[in-house]
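In: My questions are about this predicted structure, shown below with the sequence.
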Amino acid sequence: MKLFLAFSFVLILFFPPLAVYANTQLVRETSSQNKTDLKEVFDYDVALKISQDVIGKQLGEYSFINAEGQAVSMSDFAGKPLVLSMVYTSCYQICPMTTRHLAKIVEKARDALGKDNFSVAVVGFDTPVDTPDAMQYFANKQGIHNKDWHLLTIAADEVETLSKDTGFIYFPSASGFDHLIQATIIDAEGKVYRQVYGQVFDTPLLIEPLKELVLGQPQQDQTFLSELSNKIKLFCTTYDPVRDGYFFDYSLFLGILIGGMIILFTSVFIVKEWRKSSQHHDT
């Protein structure tokens, strides 16, 4: 048993992108009595394929209840990217650790991209237990209660469909639930854009796809100057591995500005010379 735990720890530590719970269920078969028969297949490649295959998939319309008891729907998140994490609140180690790390990276993303340019939602998939009060307690324990996250519960008849739409693998086990450890990035139109795996993952794995969505794609009713500004920010917002954060590189901006001025002045000079040459030939 100790040897197995040691192996699991080393696996998670050195291979976070492939981190899933031991004995991960990758195959579910529904019997004629509508009961789920579980087959344990410990295959990382299959787990990742299930998750990766939903990229580009349009999510359905789901109904949630937030920690304040208010109704929330998936369409309420339309118009800007969404980071979606599925947890169960009675988890004592993996979900708390994953959520705390996600919170650190989210704050870095907000510093780089703006606080209101994307949303973050945590959905409790253990529907009998993950009530609004339980979600609020979980948020308080993980330090995200005041981070402007959406803490959501979902009905039992919808959680299975949501998990399939997001490629999230989970099933009951002796310790609670075994599940794939992932955060799903959803674009402004409600399509799965990227998956981020592991309890602890590198900062760019989450922020780079968010940067592409926030700054790289034109928004509705966006002016030309606003779009140009976002393109400059996209190019000049860079990752610093020493500080493990993003910053706006003014040297790149100055390079773009100087390059643009050179092109402009060169174009003006060429046009003037061309006109002089044309006038000379006319005379």
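Out: Now that the structure is in, tell me what you want to look at.

In: Please look at Ile154 and Phe125 and confirm they touch.
Out: Yes - the pair Ile154 / Phe125 is scored as a contact, 7.4 Å apart, by C-beta atoms under 8 Å. (C-beta placed from N, C-alpha, C; glycine too.)

In: count of residues packed around the residue nearest to Leu82 when sequence neighbours are not counted?
Out: In this structure, Leu82 finds its nearest non-sequential neighbour in Ile186, 4.3 Å apart by C-beta to C-beta, 6 or more residues apart in numbering. Look at Ile186: counted by other C-beta atoms under 10 Å, it has 27 neighbours.

In: same thing with Gln58?
Out: As a burial measure, Gln58 scores 12 neighbours (other C-beta under 10 Å).

In: Quick check: closest non-adjacent residue to it.
Out: In space, Gln58 is closest to Lys191, 5.2 Å off (C-beta to C-beta, 6+ apart).

In: Surely that neighbour touches Gly56?
Out: Yes - in this structure, Lys191 is within contact of Gly56 by C-beta under 8 Å, at 6.0 Å.

In: Just want to know which of those two has more residues nearby.
Out: Comparing Lys191 with Gly56 by neighbour count (other C-beta under 10 Å), the higher total belongs to Lys191, at 13 against 9.

In: Look up how far Lys49 lies from that one.
Out: Lys191 is 19 Å from Lys49, where distance means C-beta to C-beta, to the nearest Å.

In: and if you look at Leu84?
Out: On the measure of C-beta to C-beta, Leu84 and Lys49 end up 20 Å apart.

In: More neighbours: those two, which one.
Out: Leu84 (24 against 12).

In: what residues are up against that one?
Out: By C-beta atoms under 8 Å, 6 or more residues apart in numbering, the contact list for Leu84 reads Ala121, Val123, Thr166, Ala183, Thr184, Ile185, Ile186.

In: From those, which land in helices?
Out: Those of the contacts of Leu84 mapping onto helices are Thr166, per DSSP state H.

In: Can you tell me which of the contacts of Leu84 is nearest Thr237?
Out: Nearest to Thr237 among the contacts of Leu84 is Ile185, at 17.1 Å by C-beta to C-beta.

In: so where do the strands sit in the stretch 1-150 of the chain?
Out: For the stretch 1-150 of the chain, the strands defined by DSSP state E, counting those that start in this stretch cover 25-30, 36-40, 63-66, 71-73, 82-87, 119-124, 150-154.

In: Tell me which other helices or strands the third one touches.
Out: Contact partners of strand 63-66 among helices and strands, from 3 or more C-beta pairs under 8 Å, 6 or more residues apart in numbering; DSSP states H and E: strand 71-73, strand 150-154.

In: Output the contacting helices and strands for the longest one.
Out: So that's strand 150-154. Counting contacts by 3+ C-beta pairs under 8 Å, 6+ apart, strand 150-154 packs against strand 63-66, strand 119-124, helix 132-142.

In: With the shortest one instead?
Out: Helices and strands touching strand 71-73, by 3+ C-beta pairs under 8 Å, 6+ apart, are strand 63-66.

In: lowest-confidence helix or strand of this structure?
Out: The helix or strand of the chain with the poorest confidence is strand 25-30; it has a mean of 37 (mean pLDDT, DSSP states H and E).

In: hang on, the earlier thing: looking at the helices and strands packed on strand 150-154, which one is packed in the most?
Out: Mean neighbour count, computed with mean count of other C-beta atoms under 10 Å, is highest for strand 119-124 among these, reaching a mean of 22.
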